[in-house]
Every structure is written in structure tokens, then in C-alpha cells.
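# return atomic coordinates for the entry below.
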Amino acid sequence: MPTLLDPDHVAALMSPGIDAADLTLVIEREEDWLANDPVDGIGQLVGERTDTIWVTPGDGRPLLLRRPTTAVEVVDGGVALAADGIRLLGGARVEPVGAWRGPSVAVTSTPHDQAAVERVLLELVRLTLSASPYQQESSDGHAYTRPADQVVTRSRLARSLWPHRGAMTARLRTGLDSGRVTA
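Predicted coordinates for the structure are as follows:
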């Protein structure tokens, strides 16, 4: 049984034209792709998760979560950090008050974007059900041209859930202890 979408609800929304058992298989396949795709996947779709992130001991850079949340529990180098030892910014950025102890940080959280995930899953199911092997079709004076490749559209849908879509900065290393960029 699918974890998020109810096949009866999906059938009521889009008139899929297939029986409930086949629709359930389509939903399960799309949920699996969204959770596990190595490029665009967002990880498990529901429930609490623990992400282990490797850090450089003594580094204070923030950790970026794959899904937004309202609260986190952080274990840094085997030591649980108190709530006042970390900051959660924008629901997906975890910063230490000082620096990370390392070498790994385990961040436990429960994402709060289920409604957005359900919308993307509905669109993935709709895309699968309306898929055609042809880029263009015409019949009885009507013509249709698909606006984008299905793979690109699927990727865009999944990436719309990523909380880190904006402009990002990268730390440049010069090999010097100062970390300054020089001419």
C-alpha cells in the first residue's frame, strides 16, 4: 500500500482510466522513485529520519538538511548537543554555536513538508499516466507537442522539494592556514 497517497483520492482527482490495483502500483513506483532516486530523490517520505554528516573537526560551517523541519536533535562526535548549542535556520540549515566536534554529526528530524510531497507525487502519477512515447501527436485536426522531456519534468518536480534551491556560496581554499583568497 502506498505510504502517502490514497488510490481512491488520486482516482477522484484525475480519472486515471486504470483499475485500483494498477493505480496502486503506479503510486508505489512513483513514491519509490521520489524517495530513492540517486540524483533527485529526497529520502524517506514520511517519519523521523537520522542523517549522518561527516564534518571536519573544528569547522563551524552549517549543515544542510535535505528536507525542512521544525526541530532537530544533534549528536556531534557521539555527544548529544543541547538545544542552545545549535541553531536551526530556515528549517533546513543547522549551525553550531561554536564548531563541530566531529568527525560525524547525526541530525535527527521529522520533515514538515508532507503536503508539498503529496502534490509532487500527484504530479508524478499524472505524468506517468499521461506519458506517451511520442514528442508530438496529431489526430483529426488536433495537434499536441509535449513541452519538455518527461525525465526533465520529473527531475524538476522532485527538485522543487529541495529546501536549498537559492544561490549558494562556496568556501574557497588556498592551501594557507588563513583561508584568505589572495592574488
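
# and the residue nearest to residue 90 when sequence neighbours are not counted, how far from residue 122?
In this structure, residue 90 finds its nearest non-sequential neighbour in residue 163, 7.0 Å apart by C-beta to C-beta, 6 or more residues apart in numbering. C-betas here are computed from N, CA, C, even on glycine. Taking C-beta to C-beta, to the nearest Å as the criterion, residue 163 is separated from residue 122 by 20 Å.

# re the thing from before, what pLDDT does the residue nearest to residue 90 get?
Predicted confidence (pLDDT) for residue 163: 83.

# you'd agree it is in a helix?
No: counting by DSSP: H, G, I helix; E, B strand; the rest coil, residue 163 falls outside a helix, being coil.

# in this structure, where is pLDDT below threshold?
In the predicted model, the chain carries pLDDT under 70 at residues 1-2, 132-137, 144-148, 165-183.

# on that earlier part again, hang on, isn't the residue nearest to residue 90 packed against residue 65?
Yes: with contact defined as C-beta atoms under 8 Å, residue 163 and residue 65 form a contacting pair (7.1 Å).

# mutual contacts of these two, please.
Each of 91-92 lies in contact with both residue 163 and residue 65 under the rule C-beta atoms under 8 Å, 6 or more residues apart in numbering.

# so these two - more neighbours on which side?
Each of residue 163 and residue 65 had its neighbours counted (other C-beta atoms under 10 Å), and the higher figure belongs to residue 65 (23 against 18).

# and the closest residue to that one other than its chain neighbours, how far from residue 104?
Counting by C-beta to C-beta, 6+ apart, residue 65 lies nearest to residue 92, which is 4.5 Å off, once chain neighbours are set aside. When C-beta to C-beta is applied, the distance between residue 92 and residue 104 equals 19 Å.

# of the two, which one has the most company?
With neighbours defined as other C-beta under 10 Å, residue 92 and residue 104 compare such that residue 92 has more, 21 against 14.
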